[in-house]
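[1] Kindly return the folded structure for what I paste below:
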Amino acid sequence: MAPVAQPPKVSDLPSVVGVFAPLGWRAIGGPAAHVALMEREVVRKRRWLDRGEFARLFAACNLMPGPGSTQLALVLGLRRAGVAGMLAAATLFIGPAVLIMLGLGELYRHVGANHQVQLVLIGMDAAVVGIVAQAAIALSGLGRRGVIGPVIALAALVAGIVGLTPMAVLAGGGAVAYGVWALRTARDGHEHGRPRTASWAPWLAAIHVPATASGLLPLALTFLKIGAVAFGSGYVMLPLLHADFVGATFHLADRQVADGFAISQVTPGPVFAVAAFLGVQIAGIPGGVVAAGAIFAPSLAFAPLVSVVMRLTEVHSWLRAALNGVVTAAVGLIGAACVTLARASFVSPLEVAIAVVVFAMLWRWPRSQPVAVLIGLAGGLVVLATSR
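    Next up is the predicted model:
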């Protein structure tokens with residue numbers, strides 16, 4: 001028998017704290033594990049809402065920029081205890097991950113360049129390739145169905161590999177999906193629900209934040225931009241980070257990004273917390289704090305709009321089509337990021353084997369990312385041992 005949802009109280013802040021205080025420290029295993037833990041707490045155990053409404057909320061969260069599981073946490077807190085509940089959920093769910101990544105980022109900043117450490121981490125980086133490849137396939141169901149979906153994803157994959165700006169690719173995915181919707185609407189003779197204004201996504205996608213190697217403002221603006229356009233999953237950050245941070249501007253390397261992602265897979269909380277790790281590499285602990293605050297800020301702004309978007313996408317098919325196109329393009333970009341990581345991580349057949357093993361394991365057990373990274377760590381130790 002399905003649980004009966006309890007009507008939300010005017011303010012139930014202690015209940016929000018009771019859910020997310022422990023969850024922030026034990027939510028290891030990626031978005032799927034996070035959502036499963038929330039479903040157990042708020043649907044089956046506390047009966048805040050029924051399974052159908054929970055599923056619809058999460059689907060709407062995946063049509064908004066930002067990490068889907070984090071958006072869901074914020075929305076649940078907002079629905080249960082208003083703005084105070086949303087802020088409490090944000091602090092308790094995101095805070096532990098950020099604190100851990102700040103500490104590990106500072107440690108990595110001092111020892112990450114050590115040759116022995118790099119040899120060990122290369123196995124973890126290879127594991128990340130397998131994790132990202134599996135994530136791209138798993139997330140492919142979030143976007144458009146039919147023939148146009150794979151076409152958008154494949155085009156985004158190629159565009160990402162050849163180096164086109166990721167945000168322009170996301171906007172292009174939305175534009176193509178809307179164009180297909182418009183053609184079908186014209187063919188079928190339906191005119192209702194056409195947009196009267198242009199989407200904000202192409203304009204935001206065109207923004208380029210000028211940056212220098214020093215100063216916290218460029219760092220904050222760049223992470224703010226990424227947090228505002230990373231549709232579909234935290235893994236969409238990979239191509240966005242590569243476009244804005246790898247190279248001469250902020251002096252990060254592909255391997256540093258891969259190392260940060262590997263470490264984020266064995267720590268609790270959202271993968272967006274990798275921003276804290278990378279911020280530390282650029283500007284120390286202050287940089288990590290600023291980076292984390294900037295990348296999560298859009299989620300706080302968008303969370304109150306999730307219910308609105310859920311209603312709008314039910315009414316306006318053009319909006320649903322465009323957002324699904326953006327999400328589908330994001331899946332292609334995740335695939336392109338996987339290729340980029342493989343180029344940096346595969347230095348011998350052992351790394352390829354690690355990635356294949358991790359991919360196969362995650363295909364069978366999708367929530368085992370921490371174990372996958374430990375397999376990579378073991379492979380890195382083998383690399384270290386055989387290099388002597």
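[2] Counting neighbours, what do you get for Gly269?
    The number of residues packed near Gly269 is 28, by other Cβ atoms under 10 Å. Using the backbone N, CA and C atoms, a C-beta is placed for each residue, glycine as well.
[3] How about Gly247?
    Counted with other Cβ under 10 Å, the burial measure for Gly247 works out to 12 neighbours.
[4] next one: the one 4 residues further on
    His251 has 12 neighbouring residues, counting by other Cβ under 10 Å.
[5] average pLDDT for the helix or strand hosting Pro286?
    Pro286 is located in helix 274-302, with elements delineated by DSSP states H and E. Helix 274-302 shows a mean pLDDT of 94.
[6] Please apply the same query to stretch 91-110.
    The average pLDDT within stretch 91-110 is 94.
[7] Packing partners of the host helix or strand of His110?
    When elements are assigned from DSSP H and E, His110 belongs to helix 68-111. Helices and strands touching helix 68-111, by 3 or more Cβ pairs under 8 Å, 6 or more residues apart in numbering; DSSP states H and E, are helix 13-26, helix 31-39, helix 51-61, helix 254-264, helix 274-302, helix 306-315.
[8] so where's the stretch 1-150 of the chain uncertain?
    Applying pLDDT under 70 to the stretch 1-150 of the chain flags the ranges 1-11, 29, 139, 141-146.
[9] Next, the angle from the very next helix or strand once past the helix holding His110 to helix 68-111.
    Elements were assigned by DSSP H and E; along the chain past helix 68-111, the next helix or strand is helix 115-139. Between the axis of helix 115-139 and that of helix 68-111 there is an angle of 170 degrees, by axes from the mean of the first three to the mean of the last three Cα atoms, to 10 degrees.
[10] counting contacts, what elements does helix 115-139 pack onto?
    Applying 3+ Cβ pairs under 8 Å, 6+ apart, one finds that helix 115-139 makes contact with helix 254-264, helix 317-345, helix 349-364, helix 369-386.
[11] Let's see that with 10 Å instead.
    In terms of contacts (3 or more Cβ pairs under 10 Å, 6 or more residues apart in numbering; DSSP states H and E), helix 115-139 is packed against helix 31-39, helix 68-111, helix 148-162, helix 237-245, helix 254-264, helix 317-345, helix 349-364, helix 369-386.
[12] Output those as a markdown table; include the columns mean neighbour count.
    Conversion of the helices and strands packed on helix 115-139 to a markdown table gives the following (neighbours: other Cβ atoms under 10 Å):
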| stretch | mean neighbour count |
| --- | --- |
| helix 31-39 | 20 |
| helix 68-111 | 22 |
| helix 148-162 | 20 |
| helix 237-245 | 25 |
| helix 254-264 | 25 |
| helix 317-345 | 25 |
| helix 349-364 | 18 |
| helix 369-386 | 19 |
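[13] With distance to Ile282 added, can I get those in a markdown table?
    Listed next are these as a markdown table, based on distance: least, Cβ to Cβ, whole Å:
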| stretch | distance to Ile282 |
| --- | --- |
| helix 31-39 | 26 |
| helix 68-111 | 10 |
| helix 148-162 | 23 |
| helix 237-245 | 8 |
| helix 254-264 | 10 |
| helix 317-345 | 19 |
| helix 349-364 | 27 |
| helix 369-386 | 23 |
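[14] Let me know which of those is the nearest to Val306.
    The closest of the helices and strands packed on helix 115-139 to Val306 is helix 68-111. By Cβ to Cβ, the value is 4.9 Å.
[15] check contacts around the residue nearest the centre of the chain.
    Within the chain, the residue whose C-alpha comes closest to the C-alpha centroid is Gly234; the distance, by Cα atoms, centre = their mean, is 0.8 Å. Listed by Cβ atoms under 10 Å, 6 or more residues apart in numbering, the contact partners of Gly234 are 30-31, 66-70, 135, 261, 264, 270-275, 295, 334.
[16] cool, Val120 as well?
    Contact partners of Val120, counting by Cβ under 10 Å, 6+ apart, are Asn114, Gly376, Leu377, Ala378, Gly379, Gly380, Leu381, Val382, Val383, Leu384.
[17] Quick check: the gap between it and Gly380.
    In this view, Val120 and Gly380 are 4 Å apart by Cβ to Cβ, to the nearest Å.
[18] same question, Leu37
    For Leu37, the distance to Gly380 - Cβ to Cβ - is 29 Å.
[19] What is the burial count for the nearest residue to Ala258 once chain neighbours are set aside?
    Computed as Cβ to Cβ, 6 or more residues apart in numbering, the closest residue to Ala258 that is not its neighbour in sequence is Asp125, at 4.1 Å. Asp125 is surrounded by 29 other residues when neighbours are defined as other Cβ under 10 Å.
[20] Contact partners for Asp125?
    Remark: with contacts taken as Cβ under 10 Å, 6+ apart, Asp125 is in contact with 118, 254-259, 261-262, 341-342, 344-347, 351, 354-355, 373, 376, 380.
[21] residues near Glu41, how many?
    18.
[22] scratch that, Ala55
    Ala55 sits with 14 neighbouring residues when counted by other Cβ under 10 Å.
[23] hang on, it packs against Glu39?
    Yes. If you go by Cβ atoms under 10 Å, Ala55 and Glu39 touch, sitting 8.8 Å apart.
[24] shared neighbours, these two?
    When contacts are counted by Cβ under 10 Å, 6+ apart, the set common to Ala55 and Glu39 consists of Leu49.
[25] Could you report the separation of the residue lying closest to Trp363 once chain neighbours are set aside from Ile334?
    Distance criterion Cβ to Cβ, 6+ apart; nearest residue to Trp363, sequence neighbours excluded, is Gln134 at 6.1 Å. Distance from Gln134 to Ile334, counting by Cβ to Cβ: 10 Å.
[26] got a list of what the closest residue to Gly95 other than its chain neighbours touches?
    Once its chain neighbours are removed from consideration, Gly95 has its nearest residue in Gly24; the separation is 6.2 Å (Cβ to Cβ, 6+ apart). Neighbour list for Gly24: 73, 89-99, 268-270 [criterion: Cβ under 10 Å, 6+ apart].
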